[in-house]
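have a look at this prediction, sequence included:
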Amino acid sequence: MSERAAKITPADSEEEADDQITDSAAPDAATEVDEDADTTSAPTPVTTGAESVVRALENAGVEYAFGVQGGAIMPVYDALYDSDITHVTMAHEQGASHAADAYGIVSGEPGVCLATSGPGATNLVTGIADADMDSDPMVALTGQVPTEFVGNDAFQETDTTGVTTPVTKDNTFSSDPDRVGSDVSEAFALAREGRPGPTLVDLPKDVTKAETDREPDAPKTPDTYHVQERADSEIVADAAERIENADRPVMLLGGGVIKGEASEACREFAIEHEIPVITTMPGIGSFPEDHELSMEMAGMHGTGYANMAITHCDTMLAIGTRFDDRLTGGIETFAPDAEVIHVDIDPAEISKNIHADYPLVGDAETVVGQLSEAVETSPAAKKWRVQCQQWKSDYSMAYDAPEDRPVQPEFVVEALDEATADDTIVTTGVGQHQMWACQYWTYTEPRTWVSSHGLGTMGYGLPAAIGARLAADDDQDVVCIDGDGSFLMTLQGLSVAVRENLDITVAVLNNEYIGMVRQWQDAFFEGRHSASNYNWMPEFDKLAEAFGAAGFRIDEYDDVADTIEEALDYDGPSVIDVHIDPQANVYPMVPSGGDNGQFALEDDHL
Amino acid sequence: MITYEFRKSKLSRLHTNHEVVRVKRGLDGPAPEERPTPDGRRNKQGIRIDPEVEAKHEPRRTVISALVTHEPGVLSDVSGLFSRRQFNIESLTVGPTEDDERARITVVVEEPDPGIDQIKKQLRKLVPVISVRELEPDAMRRELALVKVTADEPAQVNAVADMYDATTVDSSPETATFEITGSRQKIEAAIETFGQFGVREISRTGTTALARGTEDTAAPVSATESAADGANQDGTYTQTADDD
Ligand SMILES: Cc1ncc(C[n+]2csc(CCOP(=O)(O)OP(=O)(O)O)c2C)c(N)n1
Ligand SMILES: [Mg+2]
C-alpha cells in the first residue's frame, strides 16, 4: 500500500510543471500606467501583450468567445476578466471551434475561439479544418509555451502553426509583445475579407505577459493581400449575351452567395429572368425553396429534379461554388452540355474542377449587379421551365410513411419544419439525418442552414447550435437535427447549453446505426455491416435530464407533433430521442463519381 | 392534438381507412435507364470536349518564380502547398533579393497546363506571397552543382572539367570536387561524362531563374491574369545554347 502511494505523483503536478515553465520565462508585468495618457474617453490603455490581444478583439466588435482555459493562454484569460466580451467555457475545445464556426455562419462576422497550447490547440483543429473547408470566418487564438522553450518539446508544446497551416487561411506565431495585438487585428481582417476562412494567432505566454503600451492597429489585411471586387466587364458582357441566348439556363448558387450577401441580388436576377435555381449544400437558404423556380439542392443526395436540370442545362450561371465532388459526381458527366459562367471571389476556384467558359472573378453581389445591368433580354426558355416543372413532379420527393412501420425520419424533419417559423436555424451532425434535414426542411432564408459540408464532421450539430444560438436573434428558434452517432461525439456540450440556459432543441434521429455507412454497406459491400451497427445506445432523453436539460422520446407517429411542440416550448435546452426506422435510406443518391443524371431512387437502381 | 400539413409525406394515417402501403425504401420516378441523357462530355480537367476526340493535356516543364515576404514560415507554406495539392515539383530554391524584406522562390514544375494554372493561383493565394509569374521559355536559368569524382586519372578528369567549364573546388589524392554552373542539361551532361571516373557524391542547388532584359521576373499581377502573359520582346539578348 504505502509503496504504491509513494509512487503516486501529486494530483496537481501538471499544474506545477506548467507553472514552472511558464513563470520563469517573463518578469511579472508591472502595472505602471502612463500618467500622460489621455484616459478621459478612451478605454484604459493596454499594459500587457494579453491586454492588447483582448483590445483587438474588442475593437473588432467581438461579443462572444468560446474556449477552454489552460496554462499557456492564462494571461489572455486574465485580460478577458476585465473585458465586456462574454466568454463561454466549453466542455471540449472541438466544441469551441464548432461554436465559433457556427457563430461566424449565422452572424457573418468571425467567430472567436480560444484554447491553451498543446492538447487545447490540437482539439481545436477539427473545427478549424471544418471552417477552412466551408470558408467560414473564424479567429482562433492559441496559447503557446514561452518563446525560450519553443522547440524544446516543453510541457504542452505543439507546433500549432505547423499543424494548422494546411487548414487555415493564414496563421501567425506572434513573437513580439508590441505587435501581438495588431497580429490579432490582422487575423480578423483576413478571416472576413475576400473569401472568408479561419485564421489563427499562436500566443507564447511570455509575449502575452510582457509589458507593452502598444494599442493594436486597426484591422487591416496585409499589403500582399488583394481582393478583386468587380469582374472584367468584357467577360461580363459576353456572359450576359450567353444568358440572353440560353435555351436551358440554370443558376447554381453556392455558399459564396450567402457569405457575399448576394442572396437578394440572385433572387431578383433569377425571378426577373425566370431562370430555374439550383443550390449546392452550403448554398441552401440562398434562394427560397418554396419558390416555383427553386429546384433545391443538386448532387449526391440532391433532388432528382435538380440533378436532371443540372445535367441537361446548356448555360450555367454558377456563383460562389467550388464544384465539390459531392456536387459534381463524375466530372466527365457533369453538366456536359453547359457553358459555364463562374462567379467567384477566389481566382483559384476558377477552372479548378470545372472549366469556366466565362470566368468572373469578383464579389458575388457586385458581379451579379454587373450581370443584371448587362443582361437586356431574358432568355426564351419557356419550354425548359416547363420541363423543369415536369421533372419536379416526375421525381417528387414524396415518401411513404406506412403507419405499421417505425417512424420515418423524413416525417420528423417535416414536422419540425412545420412547428417552427421560417427563420429557424437548423444545425446538423453528419450522416443520413443531415441529408434528410437538407431534403425535407424547406429553407427560405440565408444563414438558417448551419452544417458541416466540406469536412463532414460528425459531432458538429450540438456545439454549432450553441454558437448559432448566441449569434441568432432572441426570437429565432435553433433546432439541431442530429444523428445518434454524431450526437455521441460532442454531447458533453449539453453541460454548456444547460449552464448558459441556451434555448435549443436537439432532435436525435436515432437509428442505432452509423446509418450512412450502413446504407453504403448495403449498396456496395454486400450488406456486410462491419462496425456500423451500434447495437446499443444510451437513452438520450434520460441522458439529457442528467445534464439538466429536458428529455423527450418519440416512438410512434402519434407522439411526433405533440412531443415536438413540448420540446420547442421548453425554455432551455431540450433533447428529443426520436426512434426512427433503422432501415430508412437516403434517396435520391448518386454514387461517388457517378453521373448526376443517373441518380438512384431506390435500392434496385444501385 | 396538433395536426400539421405535410408537403411531401404520404402518411397513410391521414386517411381513416388506410390500406397497407407497400414497404419500399426509396422514391418513385423514372428509373435511370428511362431518362434522357445529354450528348456532351467533359475530360478529367472539367473541360467540355468532343466525346470522339479525348483531348489530353501533356505535362510540361516550366519555371515559376514567386516574390515573397522574407519571414519565417514562408518556405514551409510554399512547400506544404505543393505536397498538399500533389503538384509535381522538380526543384525549389529560395534566397534573398535586392530588397531585404523580400525573398525569391523559384520552382521548376512538371504539370499539364491546367495544373500549372492552379499552381500559380494557389501560390498567389498565400498571404505572404507578393507576386507569381511563369517565366518565358527563354528566361535565364542556372543551377550550380558540386560533383565529387574519383581522381585516379587526374589528367582525364581535368580534361572533362575543362569541357564543362567546371572549377576545381577541392582535390585530394583520391578525389576531385568540381563546381559546375549552367543549365540543367549542361549539368546533367557533365555528371554523365564524369560518371566514367566514378561519381562519389553530388549536391545540386536546383534551378534559379530571372526574366531577360527589362522584364520583371515576378511583378504584381491582377487577380484574373493567369498564364505567362505576352511574350518577352526585349530583343537585346540572344538565347544561348546553354539555356534550358
Ligand atoms: C468525425 C467523423 N468520423 C467518421 C465519419 C464517417 N461517417 C460519416 S456518416 C457516419 C455515420 C453517422 O452516424 P449518425 O450520426 O448516427 O448518423 P446517421 O447516418 O445514422 O443518420 C460516419 C461514421 C465522419 N463523417 N466524421
Ligand atoms: Mg445514426
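Yep, that arrived. Ligands and ions are numbered 1, 2, ... in the order given.

going forward, measure contacts and count neighbours with C-alpha atoms only.
OK.

which of the three states applies to residue B:195?
For residue B:195, the secondary structure call by DSSP: H, G, I helix; E, B strand; the rest coil comes out as helix.

contact partners for it?
residue B:149 (Cα atoms under 8 Å, 6 or more residues apart in numbering or on different chains).

any idea how far chain A is from it?
Going from residue B:195 to chain A by Cα to the nearest Cα, to the nearest Å gives 41 Å.

quick check: closest non-adjacent residue to whichever residue of the stretch 151-300 of chain A sits closest to ligand 1.
Ligand 1 sits closest to residue A:300 of the stretch 151-300 of chain A, with a gap of 13.6 Å, by Cα to the nearest ligand atom. Closest residue in space to residue A:300, ignoring its immediate chain neighbours: residue A:590 at 4.5 Å, by Cα to Cα, 6 or more residues apart in numbering or on different chains.

domain assignment for chain B?
B:57-134, B:140-209 (automatic domain parsing).

right, and the ones you listed - which one's nearest ligand 1?
Closest among these, using Cα to the nearest ligand atom: domain B:57-134, at 20.7 Å.

related to what we said a few turns ago, okay, the domains of chain B in a markdown table with mean pLDDT and distance to ligand 1 next?
What follows is these, written out as a markdown table (pLDDT from 0 to 100; distance: least, Cα to the nearest ligand atom, whole Å):
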| stretch | mean pLDDT | distance to ligand 1 |
| --- | --- | --- |
| domain B:57-134 | 94 | 21 |
| domain B:140-209 | 95 | 41 |
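
looking at those, which is buried most?
domain B:57-134 (a mean of 19; mean count of other Cα atoms under 10 Å in any protein chain shown).

and that domain, how far out from the chain middle?
With Cα atoms, centre = their mean, to the nearest Å as the basis, domain B:57-134 stands 7 Å off its chain's centre.

where does chain B get nearest to ligand 2, which residue?
Proximity of chain B to ligand 2 (Cα to the ion) peaks at residue B:25, 16.7 Å away.

same check, this time on the stretch 151-300 of chain A
With Cα to the ion, the shortest gap between the stretch 151-300 of chain A and ligand 2 falls at residue A:300, namely 18.8 Å.

just give me the neighbour total for the residue nearest to residue A:300.
27 (other Cα atoms under 10 Å in any protein chain shown).

ok, back up a step: please state the backbone phi and psi of the residue of the stretch 151-300 of chain A closest to ligand 1?
phi -50, psi -50 (degrees, to the nearest 10).

and for residue A:475?
phi -90, psi 10.

give me the pLDDT for it.
On the pLDDT scale, residue A:475 is placed at 96.

nearest spatial neighbour of the residue in the stretch 251-400 of chain A positioned nearest to ligand 1, skipping sequence neighbours?
Ligand 1 sits closest to residue A:301 of the stretch 251-400 of chain A, with a gap of 12.8 Å, by Cα to the nearest ligand atom. In space, and not counting its chain neighbours, residue A:301 is closest to residue A:589: 4.9 Å by Cα to Cα, 6+ apart.

so what sits opposite the one you found in the bridge?
Beta bridges link residue A:589 to residue A:600, judged by DSSP bridges.

could you pull out the strands for chain B?
B:9-11, B:41-42, B:48-49, B:60-69, B:89-96, B:102-111, B:129-134, B:140-150, B:167-171, B:175-182, B:199-204, B:208-210 (DSSP state E).

using CSV, lay out those strands together with distance to ligand 2.
Below are the strands of chain B laid out as CSV (distance: least, Cα to the ion, whole Å):
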stretch, distance to ligand 2
strand B:9-11, 21
strand B:41-42, 37
strand B:48-49, 40
strand B:60-69, 48
strand B:89-96, 43
strand B:102-111, 43
strand B:129-134, 45
strand B:140-150, 58
strand B:167-171, 69
strand B:175-182, 63
strand B:199-204, 56
strand B:208-210, 55
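
nearest to residue A:73, out of those strands?
Closest approach to residue A:73 among those is made by strand B:60-69 (28.8 Å; Cα to Cα).

by contact count, what packs against that closest one?
Here strand B:60-69 touches strand B:102-111, helix B:113-125, strand B:129-134, going by 3 or more Cα pairs under 8 Å, 6 or more residues apart in numbering or on different chains; DSSP states H and E.

so what are the sheet partners of it and their directions?
By DSSP bridges, strand B:60-69 pairs with strand B:102-111 (antiparallel), strand B:129-134 (antiparallel).

where exactly do the strands run in the stretch 451-600 of chain A?
Using DSSP state E, counting those that start in this stretch, the strands of the stretch 451-600 of chain A run over residues A:478-483, A:505-510, A:550-554, A:574-579.

buried sites along the third one?
Of the residues in strand A:550-554, those scored as buried under the neighbour-count criterion (16 or more other Cα atoms under 10 Å in any protein chain shown) are A:550, A:551, A:552, A:553, A:554.

ok, now how distant is the third one from chain B?
To tie it back to what came earlier, the one meant is residue A:552. Distance from residue A:552 to chain B, by Cα to the nearest Cα: 17 Å.

contact partners for that residue?
Neighbours of residue A:552 in contact, by Cα under 8 Å, 6+ apart: A:541, A:563, A:567, A:574, A:575, A:576, A:577.

could you say which of the residues you listed is surrounded by the most neighbours?
If you count neighbours using other Cα under 10 Å, the busiest of these is residue A:574, which has 29 neighbours.

can you spell out which residues form a bridge with that one?
residue A:505, residue A:550.

residues contacting it?
Residue A:574 neighbours (Cα under 8 Å, 6+ apart): A:503, A:504, A:505, A:506, A:544, A:549, A:550, A:551, A:552, A:567, A:568.

ok, back up a step: check contacts around the residue of chain B closest to ligand 2.
Contacts of residue B:25 (Cα under 8 Å, 6+ apart): A:584, A:585, A:602, A:603.
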